[in-house]
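Asks: Below is the structure, and that's it, no one-letter string:
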């Protein structure tokens, strides 16, 4: 029997999905080990081996592939615990990291301060030398000064060096010369030249991305080296792939070189899984939500594709690499409830994490969290959490809520817990609005695909807040991102800047730039074991109306590129601009500018198959576990409601809310407004009565 493993290292839990050749799968969760995430990773793999009656070595001998997403780089930036980084840059622009784009982000907040740059000013060293916008040399690079500055970085014991010169996207020669000297003087340092990370226009975007790559590069390299070493010691011979922020996977070697590509690698698995689940449920437009232990992620999928952005940020620091447009907020099961200076109840973004964790874990945590509130409200079973392997302590949860929330507000413990539950639900609904309404999409038209260990307990309330009539809770919802990793393809993104009026594009240069990127992509994928017949290229252009500030990325076909069909490409741009900004200028003949050319090369991989099960009928009595009192927000009271075993629910079984569905790694609260039916893939489809006819037509045999 051959296996594949998807792994998602989160802030609280590390999730695993084990798939087999016959299409069956198993779910595993272990507490994350922040000091060395590879420890938690190997612990989970060891559990799988034990469950299959094998040693670690015997089990790994039958594992074909491990696809791994990690928050190592994300946490390094959020906690400012990356490598000590130096920057060599053009004389006169060393402060670009602090000047940013010159835009005041919070215009009416007089106390607002920019975030601390990942490279302090004394390590941002200027170098004489200058290129013009076309890459022509205006001032030769001062190689002696490069050597002097590199020596200073060595004296300061820099672990990483970023190199980013003005206009180097048009000519990499100066950066190549500087990088060669840096390698000579600091051979052990992690080197990050901008032309190898992001060879595109806009200096702040490029220098910020390059510095972030250098800042997290040694951290990711140390982690992957540790993981690879542990796998080698266990004689693992299969493939190891790393999840990227763009929803694709790459080899560990490519990940180490472009570490910034993994800054949002964990959440990226959610939209990828959402697309796969949407496809089998005949849904092309979806919103995926994933509520884990530390964060809440929301992403919009339209026409079967996730939204991609090249204007992402992590903790207000620009990352201009292509990434899935996932909105992440500090709202998870470990989010801490607290009272602000104005006496208002807040939830998060601080999290109790996995150590010490929520108070109810009994691991030393004393602050009230969302999980504590869910337990007090009856949404979690103290005896069945993690399938009974991790008992929860109701008394400790109540004590924490009473001390830090209930008493300061003058509420009972139950009322305070209800307030915590409602506040975090509103926070998450706001994140869904941000990812949908701000993209011109009405959330009521997008079914909610619910994921995360804590997500199903809160999903119905989020949906009610947004008037969403349909929700999908996959059987693998608790490890949704890990599942998405096994559904990902190998992907590499490339960009070339070519600023010109679109009507004046030079045919030869236009085709040559795309040809360069295509050849580079095929070479990388070939080195990762992908045969040419499984390689696909996606072409796109960053276009804008003349003198606009922001571009619109427009996908174009290979035929349009080959034939240089400018009219067809522009005809794609106008409606795309209208969708984003609410207007277009095609009728007045406003010229269109080309800024960047982009190419994504995809190496298709074999995906897990969805197992179908026969129709069992509507009656869910065989899955009935008993009854439990739980809080119903709409009625503002506790009610006696039915509890069902999610592992025993089968195709066709129906439940009317209010009810609870318990699984080993998650629980689902179905509010009184909704009904639920299980489809042939084991997914719980939760719907308002107005959707019943449409839903049941797809469920019945």
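Replies: The structure has been received and is ready for your questions. None of the values given here were measured: they were computed from a predicted structure.
Asks: Residue 502 - nearest residue in space that isn't next to it in sequence?
Replies: Counting by CB to CB, 6 or more residues apart in numbering, the nearest residue to residue 502 once its immediate chain neighbours are dropped is residue 592, at 4.4 Å. To be clear about C-beta, it is placed using only N, CA and C from the backbone, and glycine gets the same treatment.
Asks: Give the bridge partners for the one you found, please.
Replies: When bridges are called by DSSP bridges, residue 592 pairs up with residue 545.
Asks: Then residue 632?
Replies: Here residue 632, judged by DSSP bridges, has bridge partners residue 637.
Asks: residues contacting it?
Replies: 638, 639, 641, 658, 671, 672 (CB atoms under 8 Å, 6 or more residues apart in numbering).
Asks: Recalculate using a threshold of 7 Å.
Replies: By CB atoms under 7 Å, 6 or more residues apart in numbering, the contact set of residue 632 is 639, 658, 672.
Asks: So the last one is in contact with residue 634, correct?
Replies: Just to be clear, that refers to residue 672. Yes - the criterion here is CB atoms under 7 Å, and residue 672 meets it with residue 634 at 6.4 Å.
Asks: Looking at the two, which has the bigger crowd around it?
Replies: Shown here are residue 672 and residue 634; by other CB atoms under 10 Å, residue 672 has more neighbours (16 against 11).
Asks: Specify the local secondary structure of the more buried one.
Replies: Of the three states, residue 672 takes coil under DSSP: H, G, I helix; E, B strand; the rest coil.
Asks: Give me the distance between it and residue 373.
Replies: As judged by CB to CB, to the nearest Å, residue 672 and residue 373 stand 20 Å apart.
Asks: So which residues of the stretch 51-200 of the chain form strands?
Replies: Taking DSSP state E, counting those that start in this stretch, the strands of the stretch 51-200 of the chain run over residues 63-69, 85-90, 124-127, 130-131, 137-139, 160-164, 190-193.
Asks: can you pull the contacts of the residue nearest to residue 277 when sequence neighbours are not counted?
Replies: Distances taken as CB to CB, 6+ apart put residue 474 closest to residue 277, at 5.5 Å, once the chain neighbours are dropped. Applying CB under 7 Å, 6+ apart, we find residue 474 in contact with 277, 480, 683.
Asks: Quick check: pLDDT value at residue 474.
Replies: pLDDT, residue 474: 90.
Asks: ok, residue 193 - how many residues close by?
Replies: The number of residues near residue 193, taken as other CB under 10 Å, comes to 24.
Asks: repeat for residue 85
Replies: Residue 85, neighbours per other CB under 10 Å, totals 28.
Asks: Could you check how far residue 534 is from residue 305?
Replies: 20 Å.
Asks: Tell me which of the strands of the stretch 51-200 of the chain lies nearest to residue 651.
Replies: Judged by CB to CB, the one of these that comes nearest to residue 651 is strand 63-69, at 28.5 Å.
Asks: Which strands border that closest one, and is each parallel or antiparallel?
Replies: Strand pairing for strand 63-69, determined by DSSP bridges: strand 3-9 (parallel), strand 239-243 (parallel).
Asks: Quick one: distance of whichever helix or strand comes after the last one to the chain centre.
Replies: Of the helices and strands lying after strand 239-243 in sequence (DSSP states H and E), the nearest is strand 249-250. In this view, strand 249-250 has its centroid 14 Å away from the chain centroid, taken as CA atoms, centre = their mean, to the nearest Å.
Asks: Quick check: next helix or strand after strand 249-250?
Replies: helix 252-257.
Asks: Output the contacting helices and strands for that next one.
Replies: helix 203-233, strand 239-243 (3 or more CB pairs under 7 Å, 6 or more residues apart in numbering; DSSP states H and E).
Asks: Residue 660 against residue 646, yeah?
Replies: No - Residue 660 is beyond contact range of residue 646, at 9.6 Å (criterion: CB under 7 Å).
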